[in-house]
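Q: Just the structure for this:
(one chain, ligands or ions: 1)
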Amino acid sequence: MRAVDVIIKKRDKLALSREEIDFFVQGFTRGEIPDYQVAAWAMAVLLNGMSDQETTDLTLSMAYSGEVLDLSGTVDIVVDKHSTGGVGDKTTLVVEPAVAACGLKVGKMSGRGLGFSGGTLDKMESIPGYRTDLSTAEFMSQLKSIGLVLTGQSADLAPADGKLYALRDVTGTVPSKPLIASSIMSKKIAGGAQVIVLDVKVGSGAFMETLQDARELARLMVAIGRLSERKVIALLSDMNQPLGEAVGNALEVREAVETLHGGGPADFREHCLVVGSHLLVAGRKAKDLNQARVMLEKALAEGQAWEKFRQLVIAQGGDVSFVDDVEKLPRAPVIQTLPADRSGWLSQVNARTIGEVSVTLGAGREKKGDPIDHSVGIMVHRKVGEYVEQGEPLFTIHARSVEEAEAAAERLSGALQWSKTPVAPLPLFYGVME
Ligand code: URA
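A: Take a look at the predicted model:
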(Lines give C-alpha, C1' and ligand atoms only; values in the text may rest on other atoms or scores of the structure.)
Protein backbone atom coordinates (compact mmCIF):
# COMPACT_ATOMS: atom_id res chain seq x y z
CA MET A 1 0.00 0.00 0.00
CA ARG A 2 1.19 3.56 -0.70
CA ALA A 3 0.22 6.68 1.24
CA VAL A 4 -0.26 8.62 -2.01
CA ASP A 5 -2.96 6.15 -3.14
CA VAL A 6 -4.88 6.66 0.08
CA ILE A 7 -4.73 10.45 -0.47
CA ILE A 8 -5.85 10.11 -4.11
CA LYS A 9 -8.77 7.91 -3.11
CA LYS A 10 -10.03 10.50 -0.62
CA ARG A 11 -9.35 13.31 -3.09
CA ASP A 12 -11.60 11.44 -5.55
CA LYS A 13 -14.38 11.19 -2.93
CA LEU A 14 -14.10 7.42 -2.51
CA ALA A 15 -14.56 5.65 0.82
CA LEU A 16 -11.42 4.31 2.52
CA SER A 17 -11.34 0.77 3.87
CA ARG A 18 -10.42 -0.06 7.47
CA GLU A 19 -7.07 -1.45 6.24
CA GLU A 20 -6.26 1.75 4.33
CA ILE A 21 -7.13 3.94 7.32
CA ASP A 22 -5.10 1.74 9.65
CA PHE A 23 -2.11 1.75 7.30
CA PHE A 24 -2.22 5.54 7.10
CA VAL A 25 -2.73 6.20 10.85
CA GLN A 26 -0.15 3.69 12.09
CA GLY A 27 2.36 4.81 9.42
CA PHE A 28 1.91 8.41 10.49
CA THR A 29 2.25 7.53 14.20
CA ARG A 30 5.49 5.64 13.55
CA GLY A 31 6.86 8.59 11.55
CA GLU A 32 6.90 6.63 8.27
CA ILE A 33 4.35 8.86 6.51
CA PRO A 34 5.56 12.46 6.37
CA ASP A 35 3.59 15.48 7.60
CA TYR A 36 3.01 16.84 4.08
CA GLN A 37 1.16 13.70 3.01
CA VAL A 38 -0.92 13.67 6.19
CA ALA A 39 -1.74 17.36 5.69
CA ALA A 40 -2.88 16.68 2.11
CA TRP A 41 -5.01 13.77 3.32
CA ALA A 42 -6.54 15.87 6.15
CA MET A 43 -7.50 18.55 3.61
CA ALA A 44 -9.09 15.90 1.36
CA VAL A 45 -11.10 14.67 4.38
CA LEU A 46 -12.13 18.23 5.23
CA LEU A 47 -13.33 18.87 1.69
CA ASN A 48 -14.88 15.49 0.86
CA GLY A 49 -15.96 14.15 4.25
CA MET A 50 -16.09 10.61 5.56
CA SER A 51 -18.86 8.10 6.12
CA ASP A 52 -19.83 7.07 9.66
CA GLN A 53 -17.97 3.77 9.13
CA GLU A 54 -14.79 5.49 7.93
CA THR A 55 -14.96 7.92 10.86
CA THR A 56 -15.37 5.01 13.27
CA ASP A 57 -12.42 3.16 11.71
CA LEU A 58 -10.33 6.32 12.02
CA THR A 59 -11.41 6.72 15.66
CA LEU A 60 -10.48 3.15 16.59
CA SER A 61 -7.22 3.27 14.69
CA MET A 62 -6.20 6.46 16.55
CA ALA A 63 -7.43 5.04 19.90
CA TYR A 64 -5.30 1.91 19.41
CA SER A 65 -2.24 3.85 18.18
CA GLY A 66 -1.04 3.77 21.82
CA GLU A 67 -1.97 2.45 25.23
CA VAL A 68 -5.67 1.72 25.89
CA LEU A 69 -6.57 1.81 29.58
CA ASP A 70 -8.38 -1.14 31.07
CA LEU A 71 -10.24 0.10 34.13
CA SER A 72 -12.49 -2.94 34.40
CA GLY A 73 -10.87 -4.16 37.63
CA THR A 74 -11.08 -0.69 39.20
CA VAL A 75 -14.60 0.53 38.42
CA ASP A 76 -17.89 -1.26 37.64
CA ILE A 77 -18.64 0.78 34.57
CA VAL A 78 -16.31 3.33 33.01
CA VAL A 79 -18.23 6.55 32.42
CA ASP A 80 -16.54 9.62 30.99
CA LYS A 81 -17.68 13.11 30.11
CA HIS A 82 -16.40 15.49 27.49
CA SER A 83 -17.24 19.06 26.61
CA THR A 84 -16.45 20.26 23.10
CA GLY A 85 -15.17 23.49 24.65
CA GLY A 86 -16.53 26.87 25.52
CA VAL A 87 -16.15 30.08 27.50
CA GLY A 88 -16.60 29.92 31.28
CA ASP A 89 -17.14 26.18 31.08
CA LYS A 90 -15.90 24.95 34.46
CA THR A 91 -18.48 22.13 34.56
CA THR A 92 -15.94 19.34 35.16
CA LEU A 93 -14.72 20.99 38.38
CA VAL A 94 -18.18 20.62 39.89
CA VAL A 95 -19.74 17.65 38.12
CA GLU A 96 -16.93 15.15 38.65
CA PRO A 97 -16.67 15.64 42.45
CA ALA A 98 -20.48 15.72 42.71
CA VAL A 99 -21.00 12.40 40.88
CA ALA A 100 -18.04 10.86 42.74
CA ALA A 101 -19.73 11.90 45.99
CA CYS A 102 -22.81 9.97 44.77
CA GLY A 103 -20.70 6.80 44.40
CA LEU A 104 -19.75 6.95 40.72
CA LYS A 105 -15.98 6.56 40.31
CA VAL A 106 -14.70 8.88 37.61
CA GLY A 107 -11.20 9.30 36.24
CA LYS A 108 -10.91 12.07 33.70
CA MET A 109 -8.14 13.19 31.41
CA SER A 110 -8.74 16.78 30.45
CA GLY A 111 -7.13 19.26 28.11
CA ARG A 112 -5.77 22.76 28.10
CA GLY A 113 -7.37 25.86 26.62
CA LEU A 114 -7.69 25.92 22.85
CA GLY A 115 -8.01 29.32 21.16
CA PHE A 116 -10.72 31.35 22.88
CA SER A 117 -12.02 28.33 24.87
CA GLY A 118 -10.71 27.54 28.33
CA GLY A 119 -9.23 24.24 29.53
CA THR A 120 -9.78 22.29 32.74
CA LEU A 121 -6.05 21.68 33.37
CA ASP A 122 -5.23 25.38 33.20
CA LYS A 123 -8.02 26.10 35.68
CA MET A 124 -6.90 23.42 38.16
CA GLU A 125 -3.31 24.65 37.96
CA SER A 126 -4.48 27.91 39.59
CA ILE A 127 -4.18 25.83 42.78
CA PRO A 128 -0.47 25.80 43.72
CA GLY A 129 1.07 22.34 43.61
CA TYR A 130 -1.85 20.65 41.80
CA ARG A 131 -0.39 18.01 39.49
CA THR A 132 -1.88 17.35 36.07
CA ASP A 133 0.76 14.82 34.96
CA LEU A 134 -0.20 11.66 36.82
CA SER A 135 1.26 8.39 35.54
CA THR A 136 -1.08 5.58 34.55
CA ALA A 137 -0.21 3.76 37.81
CA GLU A 138 -1.02 6.89 39.87
CA PHE A 139 -4.26 7.37 37.90
CA MET A 140 -5.38 3.80 38.65
CA SER A 141 -4.41 3.91 42.30
CA GLN A 142 -6.18 7.27 42.95
CA LEU A 143 -9.30 6.11 41.10
CA LYS A 144 -9.42 3.13 43.43
CA SER A 145 -8.68 5.06 46.63
CA ILE A 146 -10.83 8.19 46.32
CA GLY A 147 -12.91 7.44 43.22
CA LEU A 148 -11.93 10.67 41.48
CA VAL A 149 -9.05 11.74 39.20
CA LEU A 150 -8.65 14.91 37.15
CA THR A 151 -5.40 14.96 35.23
CA GLY A 152 -3.86 15.54 31.78
CA GLN A 153 -3.78 13.12 28.93
CA SER A 154 -0.76 10.84 29.08
CA ALA A 155 1.49 10.97 26.00
CA ASP A 156 0.91 7.26 25.46
CA LEU A 157 -2.82 7.72 24.96
CA ALA A 158 -3.98 8.08 21.34
CA PRO A 159 -0.61 9.49 20.14
CA ALA A 160 -1.92 9.54 16.55
CA ASP A 161 -4.49 12.13 17.59
CA GLY A 162 -1.85 14.29 19.26
CA LYS A 163 0.22 14.34 16.07
CA LEU A 164 -2.73 14.82 13.74
CA TYR A 165 -4.22 17.58 15.88
CA ALA A 166 -0.96 19.56 15.82
CA LEU A 167 -0.92 19.31 12.01
CA ARG A 168 -4.59 20.24 11.64
CA ASP A 169 -4.00 23.29 13.78
CA VAL A 170 -1.56 24.72 11.22
CA THR A 171 -3.17 23.48 7.99
CA GLY A 172 -6.67 24.90 8.33
CA THR A 173 -8.18 21.45 8.83
CA VAL A 174 -9.50 21.73 12.40
CA PRO A 175 -13.18 22.34 11.47
CA SER A 176 -13.80 18.97 9.79
CA LYS A 177 -16.57 17.10 11.61
CA PRO A 178 -15.15 13.59 11.00
CA LEU A 179 -11.74 14.80 12.22
CA ILE A 180 -13.19 16.51 15.31
CA ALA A 181 -15.46 13.57 16.16
CA SER A 182 -12.70 10.97 15.75
CA SER A 183 -10.23 13.14 17.70
CA ILE A 184 -12.57 13.43 20.69
CA MET A 185 -13.83 9.85 20.60
CA SER A 186 -10.38 8.26 20.13
CA LYS A 187 -9.16 9.85 23.36
CA LYS A 188 -12.24 8.72 25.27
CA ILE A 189 -11.94 5.15 23.97
CA ALA A 190 -8.20 5.06 24.73
CA GLY A 191 -9.09 6.20 28.26
CA GLY A 192 -11.17 3.04 28.60
CA ALA A 193 -14.64 4.66 28.48
CA GLN A 194 -17.65 2.40 27.98
CA VAL A 195 -20.23 5.17 28.33
CA ILE A 196 -19.49 8.72 27.20
CA VAL A 197 -21.61 11.77 28.02
CA LEU A 198 -20.82 14.51 25.54
CA ASP A 199 -21.61 18.16 26.13
CA VAL A 200 -21.70 19.51 22.58
CA LYS A 201 -21.60 23.29 22.75
CA VAL A 202 -23.27 25.44 20.15
CA GLY A 203 -23.04 29.17 19.56
CA SER A 204 -20.62 32.05 19.14
CA GLY A 205 -18.29 30.71 21.87
CA ALA A 206 -18.16 27.15 20.51
CA PHE A 207 -16.43 25.39 17.63
CA MET A 208 -19.90 24.62 16.21
CA GLU A 209 -21.65 27.93 15.74
CA THR A 210 -24.97 26.68 14.36
CA LEU A 211 -27.42 24.18 15.79
CA GLN A 212 -27.33 22.27 12.50
CA ASP A 213 -23.54 21.80 12.70
CA ALA A 214 -23.67 20.87 16.38
CA ARG A 215 -26.44 18.33 15.72
CA GLU A 216 -24.42 16.77 12.91
CA LEU A 217 -21.31 16.52 15.12
CA ALA A 218 -23.37 15.00 17.94
CA ARG A 219 -25.04 12.55 15.55
CA LEU A 220 -21.65 11.48 14.22
CA MET A 221 -20.24 10.84 17.70
CA VAL A 222 -23.35 8.87 18.70
CA ALA A 223 -22.89 6.83 15.48
CA ILE A 224 -19.21 6.18 16.30
CA GLY A 225 -20.40 4.96 19.71
CA ARG A 226 -22.90 2.59 18.14
CA LEU A 227 -20.43 1.21 15.58
CA SER A 228 -17.68 0.78 18.20
CA GLU A 229 -20.02 -0.66 20.85
CA ARG A 230 -19.76 2.21 23.30
CA LYS A 231 -22.78 4.11 24.54
CA VAL A 232 -22.75 7.81 23.73
CA ILE A 233 -25.21 10.38 25.05
CA ALA A 234 -24.81 13.81 23.49
CA LEU A 235 -26.32 16.92 25.11
CA LEU A 236 -26.54 20.02 22.96
CA SER A 237 -25.95 23.07 25.12
CA ASP A 238 -25.85 26.80 24.56
CA MET A 239 -22.54 28.63 24.21
CA ASN A 240 -23.72 31.93 22.75
CA GLN A 241 -23.00 33.57 26.10
CA PRO A 242 -20.50 32.42 28.76
CA LEU A 243 -21.59 29.74 31.22
CA GLY A 244 -21.87 31.17 34.74
CA GLU A 245 -20.18 34.48 35.47
CA ALA A 246 -16.47 33.73 35.72
CA VAL A 247 -14.16 33.55 32.69
CA GLY A 248 -10.47 33.04 33.54
CA ASN A 249 -8.70 30.35 35.48
CA ALA A 250 -8.58 31.28 39.18
CA LEU A 251 -11.89 33.16 38.85
CA GLU A 252 -13.47 29.96 37.52
CA VAL A 253 -12.02 27.88 40.37
CA ARG A 254 -13.60 30.34 42.83
CA GLU A 255 -16.96 30.00 41.10
CA ALA A 256 -16.68 26.22 41.07
CA VAL A 257 -15.92 26.26 44.81
CA GLU A 258 -18.99 28.46 45.45
CA THR A 259 -21.10 26.01 43.46
CA LEU A 260 -19.66 23.03 45.33
CA HIS A 261 -20.76 24.80 48.53
CA GLY A 262 -24.34 24.82 47.22
CA GLY A 263 -24.31 28.34 45.70
CA GLY A 264 -22.96 29.59 42.38
CA PRO A 265 -24.71 31.22 39.41
CA ALA A 266 -28.12 29.69 38.61
CA ASP A 267 -27.33 28.82 34.97
CA PHE A 268 -24.05 27.12 35.81
CA ARG A 269 -25.52 25.16 38.72
CA GLU A 270 -28.43 23.98 36.55
CA HIS A 271 -26.03 22.99 33.74
CA CYS A 272 -24.00 20.91 36.22
CA LEU A 273 -27.12 19.22 37.59
CA VAL A 274 -28.25 18.19 34.09
CA VAL A 275 -24.84 16.89 32.96
CA GLY A 276 -24.25 15.16 36.32
CA SER A 277 -27.69 13.51 36.22
CA HIS A 278 -26.91 11.93 32.84
CA LEU A 279 -23.61 10.65 34.22
CA LEU A 280 -25.27 9.07 37.27
CA VAL A 281 -27.93 7.33 35.15
CA ALA A 282 -25.32 6.18 32.60
CA GLY A 283 -23.19 4.85 35.46
CA ARG A 284 -26.21 3.02 36.95
CA LYS A 285 -26.07 4.92 40.23
CA ALA A 286 -29.56 6.38 39.69
CA LYS A 287 -32.58 4.80 38.05
CA ASP A 288 -33.66 7.96 36.27
CA LEU A 289 -32.75 11.62 35.81
CA ASN A 290 -35.10 12.77 38.59
CA GLN A 291 -33.53 10.50 41.16
CA ALA A 292 -30.05 11.53 39.97
CA ARG A 293 -30.86 15.22 40.39
CA VAL A 294 -32.07 14.68 43.97
CA MET A 295 -28.81 12.83 44.77
CA LEU A 296 -26.68 15.62 43.27
CA GLU A 297 -28.62 18.39 44.99
CA LYS A 298 -28.11 16.60 48.29
CA ALA A 299 -24.36 16.11 47.65
CA LEU A 300 -24.03 19.85 46.91
CA ALA A 301 -26.19 20.99 49.82
CA GLU A 302 -24.69 18.69 52.45
CA GLY A 303 -21.02 19.13 51.61
CA GLN A 304 -20.16 15.67 50.21
CA ALA A 305 -19.37 17.10 46.75
CA TRP A 306 -17.15 19.75 48.31
CA GLU A 307 -15.40 17.13 50.45
CA LYS A 308 -14.67 15.07 47.29
CA PHE A 309 -13.16 18.12 45.61
CA ARG A 310 -10.89 18.66 48.64
CA GLN A 311 -9.82 15.01 48.52
CA LEU A 312 -9.02 15.43 44.83
CA VAL A 313 -6.89 18.54 45.41
CA ILE A 314 -4.99 16.86 48.26
CA ALA A 315 -4.49 13.60 46.35
CA GLN A 316 -2.96 15.46 43.41
CA GLY A 317 -0.57 17.51 45.52
CA GLY A 318 -2.49 20.80 45.53
CA ASP A 319 -2.35 23.16 48.51
CA VAL A 320 -5.90 22.73 49.82
CA SER A 321 -5.72 25.96 51.83
CA PHE A 322 -6.14 27.81 48.49
CA VAL A 323 -9.58 26.31 47.95
CA ASP A 324 -10.55 26.36 51.64
CA ASP A 325 -9.90 30.09 51.46
CA VAL A 326 -10.34 31.19 47.84
CA GLU A 327 -9.06 34.66 48.75
CA LYS A 328 -5.61 33.04 48.61
CA LEU A 329 -6.00 32.13 44.90
CA PRO A 330 -4.01 34.31 42.45
CA ARG A 331 -5.56 37.77 42.19
CA ALA A 332 -4.89 40.32 39.47
CA PRO A 333 -3.42 43.69 40.54
CA VAL A 334 -6.03 45.74 38.63
CA ILE A 335 -9.76 45.11 39.10
CA GLN A 336 -12.10 47.42 37.19
CA THR A 337 -15.85 47.40 36.79
CA LEU A 338 -17.48 48.33 33.50
CA PRO A 339 -20.91 49.93 34.06
CA ALA A 340 -23.76 50.03 31.51
CA ASP A 341 -23.74 53.19 29.42
CA ARG A 342 -27.50 52.89 28.78
CA SER A 343 -30.64 51.11 30.01
CA GLY A 344 -32.29 48.30 28.10
CA TRP A 345 -32.60 44.57 27.55
CA LEU A 346 -29.52 42.59 26.61
CA SER A 347 -29.99 40.71 23.35
CA GLN A 348 -26.40 39.48 23.01
CA VAL A 349 -23.49 38.79 25.38
CA ASN A 350 -21.06 37.39 22.84
CA ALA A 351 -19.14 34.46 24.31
CA ARG A 352 -16.47 34.44 21.61
CA THR A 353 -15.55 38.10 22.13
CA ILE A 354 -15.42 37.58 25.89
CA GLY A 355 -13.26 34.46 25.44
CA GLU A 356 -10.90 36.33 23.11
CA VAL A 357 -10.60 39.30 25.47
CA SER A 358 -9.84 36.91 28.29
CA VAL A 359 -7.02 35.34 26.21
CA THR A 360 -5.64 38.83 25.48
CA LEU A 361 -5.67 39.63 29.19
CA GLY A 362 -3.40 36.59 29.63
CA ALA A 363 -5.83 33.84 30.70
CA GLY A 364 -5.17 31.81 27.53
CA ARG A 365 -2.42 31.29 24.98
CA GLU A 366 -1.92 33.23 21.77
CA LYS A 367 0.33 30.41 20.60
CA LYS A 368 1.27 26.93 21.73
CA GLY A 369 3.43 26.83 24.86
CA ASP A 370 2.81 30.47 25.91
CA PRO A 371 2.66 30.88 29.70
CA ILE A 372 -0.71 31.86 31.12
CA ASP A 373 -1.67 34.15 33.98
CA HIS A 374 -4.07 32.36 36.30
CA SER A 375 -5.21 35.55 38.02
CA VAL A 376 -6.69 37.47 35.09
CA GLY A 377 -10.13 37.23 33.49
CA ILE A 378 -13.61 38.67 33.41
CA MET A 379 -16.69 38.43 35.58
CA VAL A 380 -19.79 38.63 33.36
CA HIS A 381 -22.58 39.99 35.54
CA ARG A 382 -25.55 40.01 33.18
CA LYS A 383 -27.18 37.56 30.75
CA VAL A 384 -29.21 37.76 27.56
CA GLY A 385 -32.85 38.65 28.33
CA GLU A 386 -32.07 40.70 31.46
CA TYR A 387 -33.06 44.34 31.85
CA VAL A 388 -30.09 46.49 32.85
CA GLU A 389 -30.28 50.04 34.23
CA GLN A 390 -27.69 52.55 33.11
CA GLY A 391 -24.77 52.54 35.57
CA GLU A 392 -25.27 48.94 36.73
CA PRO A 393 -22.15 46.75 36.50
CA LEU A 394 -21.86 44.65 33.32
CA PHE A 395 -18.37 43.23 33.64
CA THR A 396 -15.55 43.21 36.20
CA ILE A 397 -12.18 43.03 34.51
CA HIS A 398 -9.22 41.45 36.30
CA ALA A 399 -6.07 42.63 34.53
CA ARG A 400 -2.31 42.96 34.87
CA SER A 401 -2.35 46.71 34.20
CA VAL A 402 -4.71 49.67 33.85
CA GLU A 403 -3.88 49.88 30.12
CA GLU A 404 -4.85 46.24 29.58
CA ALA A 405 -8.05 46.68 31.61
CA GLU A 406 -9.02 49.70 29.51
CA ALA A 407 -8.34 47.95 26.22
CA ALA A 408 -10.43 45.00 27.46
CA ALA A 409 -13.29 47.32 28.51
CA GLU A 410 -13.45 48.79 25.03
CA ARG A 411 -13.66 45.40 23.36
CA LEU A 412 -16.13 44.05 25.91
CA SER A 413 -18.61 46.84 25.16
CA GLY A 414 -18.65 45.46 21.62
CA ALA A 415 -19.66 42.01 22.93
CA LEU A 416 -23.09 43.36 23.86
CA GLN A 417 -26.20 44.10 21.86
CA TRP A 418 -29.12 45.97 23.33
CA SER A 419 -32.84 46.01 22.72
CA LYS A 420 -35.48 48.58 23.68
CA THR A 421 -38.06 45.79 24.00
CA PRO A 422 -38.00 42.62 26.12
CA VAL A 423 -35.83 39.76 24.86
CA ALA A 424 -36.29 36.06 25.71
CA PRO A 425 -33.48 34.46 27.75
CA LEU A 426 -31.34 31.85 25.97
CA PRO A 427 -32.08 28.20 26.69
CA LEU A 428 -29.40 26.19 28.50
CA PHE A 429 -29.93 23.06 26.36
CA TYR A 430 -31.23 22.38 22.86
CA GLY A 431 -31.74 18.65 23.15
CA VAL A 432 -30.26 15.23 23.84
CA MET A 433 -29.19 12.53 21.37
CA GLU A 434 -28.61 8.91 22.32
N1 URA B 1 -11.33 18.84 20.71
C2 URA B 1 -10.59 17.74 20.36
O3 URA B 1 -10.16 16.97 21.22
N4 URA B 1 -10.33 17.53 19.07
C5 URA B 1 -10.77 18.34 18.09
O6 URA B 1 -10.52 18.08 16.95
C7 URA B 1 -11.55 19.47 18.46
C8 URA B 1 -11.81 19.70 19.78
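Q: ok, Ala234 to the ligand distance?
A: From Ala234 across to the ligand, the span is 14 Å (Cβ to the nearest ligand atom, to the nearest Å). (Each C-beta comes from the backbone N, C-alpha and C, glycine too.)
Q: show me what contacts that residue?
A: Under the criterion of Cβ atoms under 8 Å, 6 or more residues apart in numbering, the neighbours of Ala234 are 198, 200, 218-219, 221-222, 432-434.
Q: In PyMOL, how would I select just the buried ones from these?
A: Selection command for PyMOL covering only the buried members of the contacts of Ala234, criterion 16 or more other Cβ atoms under 10 Å:
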select buried, resi 198+200+218+219+221+222+433
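Q: Turn the contacts of Ala234 into a markdown table, including secondary structure, distance to Arg365 and pLDDT.
A: What follows is those, written out as a markdown table (DSSP: H, G, I helix; E, B strand; the rest coil; distance: Cβ to Cβ, whole Å; pLDDT from 0 to 100):
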| residue | secondary structure | distance to Arg365 | pLDDT |
| --- | --- | --- | --- |
| Leu198 | strand | 25 | 97 |
| Val200 | strand | 24 | 97 |
| Ala218 | helix | 28 | 97 |
| Arg219 | helix | 31 | 97 |
| Met221 | helix | 26 | 97 |
| Val222 | helix | 32 | 96 |
| Val432 | strand | 33 | 97 |
| Met433 | strand | 32 | 94 |
| Glu434 | coil | 35 | 88 |
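Q: Nearest to the ligand within the stretch 201-350 of the chain, name that residue for me.
A: Taking Cβ to the nearest ligand atom, the ligand has its nearest neighbour within the stretch 201-350 of the chain at Phe207, 6.2 Å off.
Q: can you give me the strands in the stretch 101-250 of the chain?
A: 106-110, 148-152, 195-202, 231-238, 246-247 (DSSP state E, counting those that start in this stretch).
Q: Please work out which of these is packed deepest.
A: Mean neighbour count, computed with mean count of other Cβ atoms under 10 Å, is highest for strand 246-247 among the strands of the stretch 101-250 of the chain, reaching a mean of 32.
Q: now for that strand, which elements pack on it?
A: With contacts taken as 3 or more Cβ pairs under 8 Å, 6 or more residues apart in numbering; DSSP states H and E, strand 246-247 sits against helix 249-260, helix 351-361, strand 377-380.
Q: Quick one: mean pLDDT over that strand.
A: Strand 246-247 shows a mean pLDDT of 98 in the predicted model.
Q: check contacts around whichever residue of the stretch 101-250 of the chain sits closest to the ligand.
A: For the stretch 101-250 of the chain, the residue closest to the ligand is Ser183, as judged by Cβ to the nearest ligand atom, at 3.4 Å. If a contact means Cβ under 8 Å, 6+ apart, then Ser183 has 62, 161, 164-165 as its contacts.
Q: swap in Thr136?
A: Residues touching Thr136, when contacts are defined by Cβ under 8 Å, 6+ apart, comprise 67, 69, 154, 156.
Q: Am I right that the first one sits in a helix?
A: No: secondary structure of Glu67, determined by DSSP: H, G, I helix; E, B strand; the rest coil: coil, with no helix assignment.
Q: which SS class is Pro330?
A: Per three-state DSSP, Pro330 ends up coil.
Q: Is it in contact with Ile372, as I believe?
A: No: under the criterion of Cβ atoms under 8 Å, Pro330 is not in contact with Ile372, lying 10.7 Å apart.
Q: for the ligand, what are the nearby residues on the stretch 151-300 of the chain?
A: Selection of the stretch 151-300 of the chain residues close to the ligand by Cβ under 6 Å from any ligand atom yields 165, 179-180, 183-184.
Q: what about the stretch 301-434 of the chain, any weak spots by pLDDT?
A: Filtered on pLDDT under 70, the stretch 301-434 of the chain yields the residue ranges 368.
Q: which stretches of it form strands?
A: Remark: strands assigned in the stretch 301-434 of the chain by DSSP E, counting those that start in this stretch are 334-339, 344-349, 377-380, 387-388, 393-399, 416-419, 429-433.
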